[in-house]
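Participant: pasting the structure only:
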Ligand code: KG4
Ligand code: ZN
């Protein structure tokens, strides 16, 4: 079975083909980051318009890379939530219509299910069950993954996502968007513990996160400082160390509480070298990462998740569904009752 995957939930337009016999046949991606950089964040209307421009050419390109004719696709999977509603609608409308024209099944996929299953595209792949630390620009979650569609959210952020906190602090430091990688580079030049920020919500039980107070602490410290390069690097270092130690403490706690021994780290912040190093050194777990281009948004993970569900006989009706607030908790294992949008 060959599944075309489509991802347009935020500022990345992507297409991929997953084949049940040969694995991933091809994937393409266009990042809109330059379009949004001037505004310091994603502008939803500009994102939707650019998905309209790029999606069809990317689908043509991925079919060519996969050496397939459109008629050789057996099903279409598209991200139908959560995300920006206009952006989601572009992928959902095109994916649903394409499947209708081909008389093949179509299925809306939960974007976070894509992220959670992305490490299964790698060798070695983690076996179920595993703990997933999902850290991206839009989400911060600890999830117990027992199988396809069997997800238990153990903890999540109560305010800013961790990538969002990196981006906002980077902006305060005068770095360009998206600031996570630039802040990480600046932090490397900072002195450990020269400036110490709190480790939010680590002093009480539970697995939830909160990063907005940390951002405020950074702003207040920057206002009091002298603005030299050394000072800015120390602030970046202090912020990054606080975030990483917080993630590490909560992840360790989740491993202890669940008894799980395998950890998957996924989402854009999973690219952070210091985070990887700290988790590797500090945790008694086997740690798995998707390859860097599948840590961030991509269509390979959507094609793969789509394949798992379409192959089990699940598909959507003709309605085009885009659900910006689709909850992960509503998902069911394939073969069970269909999940509920909204
Ligand atoms: O997963 P992703 O591409 O987008 C969402 O689905 O949200 O993650 C992007 C986020 C951005 O906030 C970016 O600043 C952050 O990941 N990021 C990093 C690093 N690389 C990307 N944050 C910290 N350190 C990095 N090396
Ligand atoms: Zn994402």
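Facilitator: Yep, it's here. Computed from a prediction, not measured in an experiment: that's the story for all the values here. Ligands and ions are numbered 1, 2, ... in the order given.
Participant: got the contact list for stretch 223-239?
Facilitator: The contact list for stretch 223-239, computed with CB atoms under 8 Å, 6 or more residues apart in numbering, reads 169, 173-174, 183-184, 186-197, 214, 218, 221-222. Yep, even glycine has a C-beta here, placed from its N, CA and C like the rest.
Participant: helix/strand/coil for the closest residue in space to residue 190 that isn't next to it in sequence?
Facilitator: The shortest distance from residue 190 to any residue other than its chain neighbours is 2.7 Å, reached at residue 237 (CB to CB, 6 or more residues apart in numbering). Using DSSP: H, G, I helix; E, B strand; the rest coil, the structure places residue 237 in helix.
Participant: just the pLDDT for residue 237.
Facilitator: Residue 237 is assigned a predicted lDDT (pLDDT) of 98.
Participant: any idea how far it lies from residue 275?
Facilitator: 14 Å (CB to CB, to the nearest Å).
Participant: with neighbour numbers in mind, choose between the two.
Facilitator: residue 237 (25 against 21; other CB atoms under 10 Å).
Participant: so stretch 127-137, near ligand 1 or not?
Facilitator: Yes. Remark: stretch 127-137 sits within contact range of ligand 1 at 136-137, by CB under 6 Å from any ligand atom.
Participant: what residues of that stretch count as buried?
Facilitator: Judged by neighbour count using 16 or more other CB atoms under 10 Å, the buried positions of stretch 127-137 are 129-137.
Participant: would you turn those residues into a markdown table with secondary structure?
Facilitator: Formatted as a markdown table, these follow (three-state DSSP):
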| residue | secondary structure |
| --- | --- |
| 129 | coil |
| 130 | strand |
| 131 | strand |
| 132 | strand |
| 133 | strand |
| 134 | strand |
| 135 | strand |
| 136 | coil |
| 137 | coil |
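Participant: give me the nearest residue to the spatially most central residue of the chain, chain neighbours excluded.
Facilitator: Residue closest to the mean C-alpha point of the chain, counted by CA atoms, centre = their mean, is residue 267 at 3.7 Å. In space, and not counting its chain neighbours, residue 267 is closest to residue 136: 3.3 Å by CB to CB, 6+ apart.
Participant: hey, where'd the helices end up in the stretch 151-300 of the chain?
Facilitator: Counting by DSSP state H, counting those that start in this stretch, the stretch 151-300 of the chain has these helices, from start to end: 162-172, 180-188, 212-224, 229-258, 273-282, 292-295, 300-310.
Participant: would you mind finding the most buried of those?
Facilitator: helix 300-310 (a mean of 29; mean count of other CB atoms under 10 Å).
Participant: for the stretch 1-150 of the chain, which residue gets nearest to ligand 2?
Facilitator: Closest residue of the stretch 1-150 of the chain to ligand 2, CB to the ion: residue 136 (4.7 Å).
Participant: and that residue, how far from residue 92?
Facilitator: For residue 136, the distance to residue 92 equals 21 Å [CB to CB].
Participant: now do residue 134
Facilitator: Remark: distance between residue 134 and residue 92 (CB to CB) = 22 Å.
Participant: check the contacts of stretch 223-239 one by one and keep those near ligand 1.
Facilitator: residue 184.
Participant: keep only the contacts of stretch 223-239 that also lie close to ligand 2.
Facilitator: When the contacts of stretch 223-239 are checked against ligand 2 using CB under 5 Å from the ion, none falls in range.
Participant: residues touching whichever residue of the stretch 201-342 of the chain sits closest to ligand 1, list them.
Facilitator: Residue nearest to ligand 1 within the stretch 201-342 of the chain (CB to the nearest ligand atom): residue 268, separated by 2.0 Å. Neighbouring residues of residue 268 by CB under 8 Å, 6+ apart: 135-137, 163, 178, 180, 295-297.
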